[in-house]
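K.L.:
Kindly generate the corresponding structure for this input.
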Amino acid sequence: MTALDPRLLARVREHVAAGGPVPVGAALATMAREGGCVLGQEDLAALPDRVRAELLGAGPLQGLLALPGVTDVLVNGPRDVWIDRGAGLERVDVHVPDVRALAVRLAAAGGRRLDDAAPVVDAALPDGTRLHAVLPPVAAGGAVISLRVLRRHAFTLDDLEAGGSVAPAVGAALRALVAGRANLLVSGGTGTGKTTLLATLLGLVAPDQRVVCVEDALELVPDHPHVVHLVARRPNVEGAGEVDLTALVRHALRMRPDRIVLGECRGAEVREVLTALNTGHDGSCATVHANTVADVPARLVALGALAGMSPGAVAAQALSGLHAVVHLRRAGALRYVAQVGAVAGGGAGWEVEPVLDAAPDGDVRPGRAWSAFARRWGVSP
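P.N.:
Model prediction:
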């Protein structure tokens, strides 16, 4: 299929800028002919969708975002485009003529500024896709775009068990934790499915409970009848209008929540995560990057230092407000729950003890904390 003629796009943009609707069908075909564009039958049939993608969507990347199973679309250059649809990154034959122009337009669609004065942007597009873009000279090789697709379908725990992501024994432990209103951290590396699992667990919450989700960008889409989403807002070009996670946690406490859920914790917002877990709203949750459940304490201490918290303060908050950690890993195309751990310790020292260890093939082995965990949360051995 031939590339869209820039003359046609220019005419359409002028038409829309003058107050007209985005042309479709015969009107678009007429505009193409008047502009001297020669189109085959296939190109003509696809023209409306391609024009809308160029004006309102992700341009040549729109088709990739619509592919089944695609979670990430990465652009390193005009002919250097990669996607991830579950089996790792794979290069695709897509041409992005002007990466910088596309990045700037996508940022504007997300209500953000991207230019020489603000060369890095993190925004949510109108359809929920997460955009991250970097311009030169910060991106030394040219403009770079990273798109994370928002999964609109919330899986059930039965779905994850059937797909091999959750072993049945692990699923029983997760159901017990949610039913018992344990405060949870979901940990794992990038792309391991932390947000997907958290949304799935929220789908197990009783329908008469109000769930307030606080996020830096809207990603959690649980299948639950009573969910309120609060999304942080960054300052505008004048430095005004910011609403950060600290403020949102404070407001969430005034909204009569049964459970407070915080999205990904990457930095000083760990203070807000631990605050939310210690407000008496049992069953609250958050996600965090970590290598294993045993590494979570060190990870939280490191993040706490960014927020000015001492290791002792982090330990005290974690011991009083956190009950369990659920850890995910990725093995090829499979994203699966690899570990469940229980928080234990006293004083300034604390740890996450192994409760269950699962292999990619579904084999599950109990850890040293299994017996106490099973008694506390009512899980059958």
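K.L.:
State whether V343 is indeed within a helix.
P.N.:
No: counting by DSSP: H, G, I helix; E, B strand; the rest coil, V343 is not found in a helix; it is strand.
K.L.:
isn't it right next to A324, touching?
P.N.:
Yes: in this structure, V343 is within contact of A324 by CB atoms under 8 Å, at 6.7 Å. (C-beta placed from N, C-alpha, C; glycine too.)
K.L.:
so where do the helices sit in the stretch 51-200 of the chain?
P.N.:
Using DSSP state H, counting those that start in this stretch, the helices of the stretch 51-200 of the chain run over 62-65, 99-109, 157-162, 168-179, 194-202.
K.L.:
and the longest one, what other elements does it pack with?
P.N.:
In terms of contacts (3 or more CB pairs under 8 Å, 6 or more residues apart in numbering; DSSP states H and E), helix 168-179 is packed against helix 157-162, strand 324-331, strand 334-346, strand 349-358, helix 370-377.
K.L.:
so which of those gets nearest S310?
P.N.:
Nearest of the helices and strands packed on helix 168-179 to S310, taken as CB to CB: strand 349-358 at 13.2 Å.
K.L.:
Pull up the pairing partners for that closest one, direction included.
P.N.:
In the sheet, strand 349-358 lines up against strand 334-346 (antiparallel), strand 364-366 (antiparallel) (DSSP bridges).
K.L.:
what sits up against that strand?
P.N.:
Outside strand 349-358, the residues that touch it by CB atoms under 8 Å, 6 or more residues apart in numbering are 167, 169-170, 173, 293-294, 296-297, 315, 318-319, 324-325, 336-345, 364-370, 373.
K.L.:
Buried ones only from the residues you listed, please, as a ChimeraX command.
P.N.:
Buried subset of the contacts of strand 349-358, written as a ChimeraX selection, criterion 16 or more other CB atoms under 10 Å:
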select :167,169,170,173,293,294,296,297,315,318,319,324,325,336,337,338,339,340,341,342,343,366,367,369,370,373
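K.L.:
For the strands paired with strand 349-358, give me CSV that also has distance to L262 and mean pLDDT.
P.N.:
CSV is the format used below for the strands paired with strand 349-358 (distance: least, CB to CB, whole Å; pLDDT from 0 to 100):
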stretch, distance to L262, mean pLDDT
strand 334-346, 17, 91
strand 364-366, 28, 95
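K.L.:
what's the most buried one of the helices of the stretch 51-200 of the chain?
P.N.:
Burial of the helices of the stretch 51-200 of the chain is given as mean neighbour count (mean count of other CB atoms under 10 Å); helix 194-202 ranks first at a mean of 23.
K.L.:
right, and the helices of the stretch 51-200 of the chain - which one's nearest D84?
P.N.:
Closest to D84 of the helices of the stretch 51-200 of the chain is helix 62-65 (CB to CB; 10.5 Å).
K.L.:
Check which helices and strands that closest one sits against.
P.N.:
Using 3+ CB pairs under 8 Å, 6+ apart, helix 62-65 sits against no helix or strand.
K.L.:
quick one: average pLDDT of that helix?
P.N.:
For helix 62-65, mean pLDDT is 85.
K.L.:
Where does the prediction get shaky in the protein?
P.N.:
The chain contains residues with pLDDT under 70 at 1-57, 151-152, 237, 346-348, 381.
K.L.:
Can you tell me which residue is spatially central in the chain?
P.N.:
The centroid of the chain falls nearest to E219 when counting by CA atoms, centre = their mean (4.6 Å).
K.L.:
which residues touch that one?
P.N.:
Counting by CB under 8 Å, 6+ apart, E219 touches 128, 130, 150, 195, 263-264.
K.L.:
go on, V92?
P.N.:
By CB under 8 Å, 6+ apart, the residues touching V92 are 64, 81-83.
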